[in-house]
Each structure stands twice: as structure tokens, then as C-alpha cells.
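# would you be able to build a 3D model of this:
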Amino acid sequence: MATMGNNAATQLLVWGLGGHLKAILGFWPHMVLQADKGAGKSTLIKRLERTIAFTMLSGQSTGSDFRLLTSVSHTSHPVGWEELSARKQQIIDAAVALLQESYQYTVTRRGSDMLEFVPSAPVLLAGEDVPVVSLTGKIVRSSLRLKGSIIPDSTPRFPVRAWLEWLAEANPARIREMYEQTRAGVVRASRATGEDNGAVRMAGNYAAVLLAWRLLAEFCGLPEMHGGFVRDTMAEMNDHIAQTSADRHPWVWIMERFAG
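Residues are numbered from 1 along each chain as shown. Just a heads-up that it's a prediction; the model follows:
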């Protein structure tokens, strides 16, 4: 938790491990990692790759529609797309369409052989300028602002297999009930109003991450309020909701232009 200020690194880890809850919840948000040059983004992602067997795909590995499709198919384990905004517009459009599909999971058949794919993997979008305006209701984010101590190379890997076995033995009905309780609490504490359906949906995405934290805390034997994770995630959510109001309501953008 001391790696990045405001639990930014922990949010990334919890999001990655929580992606397997999609089999129970039916959805899982994508993650945008916001960071300026030299903020420690690449180092953090490398540590995440080693800790949970996460794969960050370079621009060359996602340079075609087929490569994008295969990278997110048949798994709920997260993958990463690096510097999507630097790709050609055709690739960006295809990537955004796939992100829409893999927010939940959709069976699709491609090619003359009608080969079946199931786009379902959550995607980490990392870079200085991530083009996700049309995906506002399907993403959460983590912002790298304050550097802390680097994660030592001797840090053991997270026991992903044991975590998956623990989830497989959990009661799905209990997890869904916990999500509804978490979501209700998050909506009450958010700056979203009941009339703003887009903001309420965003709150539901952050509630899913907080549910993953509650389950991970139970799995690891930690108190839910440990390290201020809930507080920092709620602050990030409210900041995200405030900054994307113009994306959900075009009249906000028009009034800002007019007033400016």
C-alpha cells in the first residue's frame, strides 16, 4: 500500500484479482491507469505482471483486429493494452468495440470457419492519453500521483491459484448479496444523484472493486478498513464522476464552452 500514494497500486492489484468475479457478477469494469511521464507506471506494471501472471501487450502485439480479439478471449484474467492512443484509428475503433463486448462476455464467431470466441477479459489501458470517452460507464481508474517505496524483488507472488480455489468454493448467492449491499453504500456515499444514471452505473463499477477488496480482505484475514483502501477508492470514484459529467451530459460541455 505504500508503493503509490492514495492506494493507487493496491487498487490496480485488487482490480486485477477481482476480474474473476465476472463469472458471478456477469460484468467487470476495465481499468484506466492515469500517469504522467516518470510517474512509475512501467515499473508498477512490471511488478503486477510478476505478482499475478498479468500480461501487458505492446502496440505490436495488438496491431490488428485479430490480435486484439485473441488477447481478450476465453479468460477472465486481465490483460493490458499499452499506448492504445498511439495506434491507427482503425485499431482504436476495433479496440473500443471489443472493450464494449468484454465488459460482460459475448459469444462471437469470426472468419470463414466461424471460429468461436468469447471476449471476456478485463483490460488495463495504460498511457498518458487513453481514448475512452465512449466507455465512461464501463471503466474505473487509478491515478499515480505520489511515489512511495518500490516493491522489493524479494516480495513473494500473490497465491492466485489459492484465491481462485477459494472463490470456486464460495457461495455465489452470498457474493451477489454482498455486491448489492456494497453498491447501495457506494451510491449513498457518492456525489451521484439518483437522476444521473451514468454516474450511478459508474458507482456500480467501483462497488465491484470494493467487493473484490472485501473478499480479498476475508481471504487474507485483514480488516476491511485496513490501509484506508475504501476511503481512497471512494475519493477516486467521486473525482472520476465529477470529471466525466460532460461526457454523460453534453449540455454540461456546451455551458462550459459558453461560460468560457
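# could I get the pLDDT score of residue 34?
For residue 34, the model assigns a pLDDT of 77.
# ok, it touching residue 144?
Yes. Counting by C-beta atoms under 8 Å, residue 144 is a contact partner of residue 34 at 6.9 Å. C-beta here means a position set from N, CA and C on the backbone, and glycine is covered the same way.
# what about residue 91, how many neighbours?
Counted with other C-beta atoms under 10 Å, residues neighbouring residue 91 total 19.
# surely it is within a strand?
No. Assigned with DSSP: H, G, I helix; E, B strand; the rest coil, residue 91 falls outside any strand and is helix.
# how about it: what's its closest non-neighbour residue?
Once flanking residues are discounted, residue 91 sits nearest to residue 63: 6.7 Å by C-beta to C-beta, 6 or more residues apart in numbering.
# okay, the one you found: pLDDT?
In this model, residue 63 carries a pLDDT of 74.
# and it, how close does it get to residue 26?
31 Å (C-beta to C-beta, to the nearest Å).
# for this protein, what spans make up the strands?
With strands called from DSSP state E, the chain shows them at 30-34, 55-57, 79-82, 108-110, 115-117, 123-127, 139-143.
# quick one on the thing from earlier: the residue nearest to residue 91 reaches residue 84, doesn't it?
No. In this structure, residue 63 is not within contact of residue 84 by C-beta under 8 Å, at 11.3 Å.
# residues shared between the contacts of the two?
residue 91 (C-beta atoms under 8 Å, 6 or more residues apart in numbering).
# between those two, which has more neighbouring residues?
Neighbours were counted for residue 63 and for residue 84 using other C-beta under 10 Å; residue 84 has more, 23 against 14.
# name whatever forms a beta bridge with the residue nearest in space to the middle of the chain.
For the chain, residue 31 is the residue whose C-alpha lies nearest the centre (C-alpha atoms, centre = their mean; 2.6 Å). Following DSSP bridges, residue 31 is listed with bridge partners residue 124, residue 140.
# neighbours around residue 208, how many?
Neighbours of residue 208 using other C-beta under 10 Å come to 23.
# ok, now which ones touch the residue lying closest to residue 189 once chain neighbours are set aside?
Nearest residue to residue 189 in three dimensions, chain neighbours excluded: residue 234, at 5.9 Å (C-beta to C-beta, 6+ apart). Residue 234 makes contacts with 186, 189-190, 206, as judged by C-beta under 8 Å, 6+ apart.
# number of nearby residues for residue 115?
Counted with other C-beta under 10 Å, residue 115 comes out at 11.
# distance of it from residue 95?
Counting by C-beta to C-beta - residue 115 and residue 95 are separated by 20 Å.
# what's the angle from the lengthiest helix in the chain to strand 139-143?
When the chain is parsed with DSSP state H, its longest helix is helix 197-220. In terms of direction (axes from the mean of the first three to the mean of the last three C-alpha atoms, to 10 degrees), helix 197-220 departs from strand 139-143 by 70 degrees.
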